[in-house]
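**Student:** after the sequence you'll find the predicted model.
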Amino acid sequence: MTKGVAILGSTGSIGTTALRVLARHRSRFHVAALTSNANATLLAEQARATGAPFVGLVSNDANVPDAWCLGPDALVQAAQLPDADIVLNAVVGAAGLDATLAALRAGKRVALANKETLVVAGALATTVAREAGGEIIPVDSEHSAILQCLVGRPRTQVRRIILTASGGPFRDWSRQQLEHATLADALRHPTWQMGRKITVDSATLANKALEVIEAHFLFDLPYEAIDVVVHPQSVVHSMVEFMDGSVLAQVGIPSNNQVRGLTLEERSNAQASLRVLGAGVGTLFLGSELLLELTTIWGSTSGRSIDAVMANYISTFRYG
């Protein structure tokens, strides 16, 4: 009997990659649900190719089949389907939180590419997973690498984990160059092909800060035990240093396919964390979503640099 997989955000880079992985393992998995924010054309193609019985579109587009579920609730409905053993949450931003919680409350395995769930509500999500019997499996290459290194090793043996960062497109830029950086510059990531928001967050290294928070909740480690190093080649995805001084690293070519495959097949050893995430972190994250929108608008109409947009935004931003 094959396992059902619900893919939330199937038309994005992670969702399309996941579908390619599933296509190679039809004897083990089937697509139980597909959802997209607004790309109805690609979603329809995916639905025809996979035969997914549930298709949801978050934007209310009238020119779609009557059988489709429309509106924001489509994400939660897909996450709760009885036929969905695994829910891959690749939704961008805080919009993915409700679906993650719904899947965890239903006792499902959540393959989490939506780091915002843990940044905004890490304590809540891990508590729900523990109490309802759900699972959170990381999809990000760095956290998936840590998970592989920790298999079979108790947390008491871990001294620290080391997340790697490519450094993004601005790694070798001078301060003077950064003053004239544009949105187009920020979107030229040297290693990964990703969505706009995460690409911009990677360029500023804000994404790595979010990944530190994500690792804290996924692996039940204090922030002092989580380090970051810049590794431009992106061959070492992450490392774990143990109390005896030994280090395990997950090494491979920069490819998301390996990560998606592991997410579907391996069980997580991650424990729930009871620390409460401060409101200021969630506010900062939500601010980064708004900042990208402002950058997109201003950058396309007046040619203002990212630095100028950020300075203007920060002047009016207050931490909660």
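**Tutor:** Good, I have the coordinates.
**Student:** for the rest of this, base every contact and every neighbour count on C-alpha atoms.
**Tutor:** Noted.
**Student:** tell me which residue is most central in this structure.
**Tutor:** Ala113 (2.8 Å; Cα atoms, centre = their mean).
**Student:** that residue reaches Pro138, doesn't it?
**Tutor:** Yes: assessed by Cα atoms under 8 Å, Ala113 is found in contact with Pro138 at 6.6 Å.
**Student:** what's the overlap in contacts for these two?
**Tutor:** Between them, Ala113 and Pro138 share no contacting residue under Cα atoms under 8 Å, 6 or more residues apart in numbering.
**Student:** who touches the residue nearest to the centre of the chain in this structure?
**Tutor:** Ile14, Leu88, Asn89, Ala90, Val91, Pro138, Val139, Asp140.
**Student:** check the secondary structure at the second one for me.
**Tutor:** It stands for Leu88. Under DSSP: H, G, I helix; E, B strand; the rest coil, Leu88 falls in the strand class.
**Student:** got the contact list for it?
**Tutor:** So Leu88 contacts Val5, Ala6, Ile7, Leu8, Val110, Ala111, Leu112, Ala113 (Cα under 8 Å, 6+ apart).
**Student:** among the residues you listed, which ones are in helices?
**Tutor:** Taking DSSP state H, every one of the contacts of Leu88 sits outside helices.
**Student:** what about those, which are in strands?
**Tutor:** Per DSSP state E, strands hold the following members of the contacts of Leu88: Val5, Ala6, Ile7, Leu8, Val110, Ala111, Leu112.
**Student:** quick one, strands of this protein?
**Tutor:** 3-8, 29-36, 54-57, 69-70, 86-89, 109-112, 135-138, 158-165, 226-230, 236-242, 247-251.
**Student:** what helices or strands is the second one leaning on?
**Tutor:** With contacts defined as 3 or more Cα pairs under 8 Å, 6 or more residues apart in numbering; DSSP states H and E, the packing partners of strand 29-36 are strand 3-8, helix 13-23, helix 40-50, strand 54-57, helix 73-79.
**Student:** quick one: mean pLDDT for that strand?
**Tutor:** Strand 29-36 carries an average pLDDT of 96.
**Student:** grab the nearest non-local neighbour of Ala99.
**Tutor:** Val76 (4.5 Å; Cα to Cα, 6 or more residues apart in numbering).
**Student:** what's the neighbour count on the one you found?
**Tutor:** 18 (other Cα atoms under 10 Å).
**Student:** with neighbour count, pLDDT and distance to Asp66 added, can I get the ones in strands among the contacts of Leu88 in TSV?
**Tutor:** TSV is the format used below for these (neighbours: other Cα atoms under 10 Å; pLDDT from 0 to 100; distance: Cα to Cα, whole Å):
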residue	neighbour count	pLDDT	distance to Asp66
Val5	29	96	23
Ala6	29	97	20
Ile7	30	97	20
Leu8	33	97	20
Val110	28	95	28
Ala111	25	93	29
Leu112	23	92	29
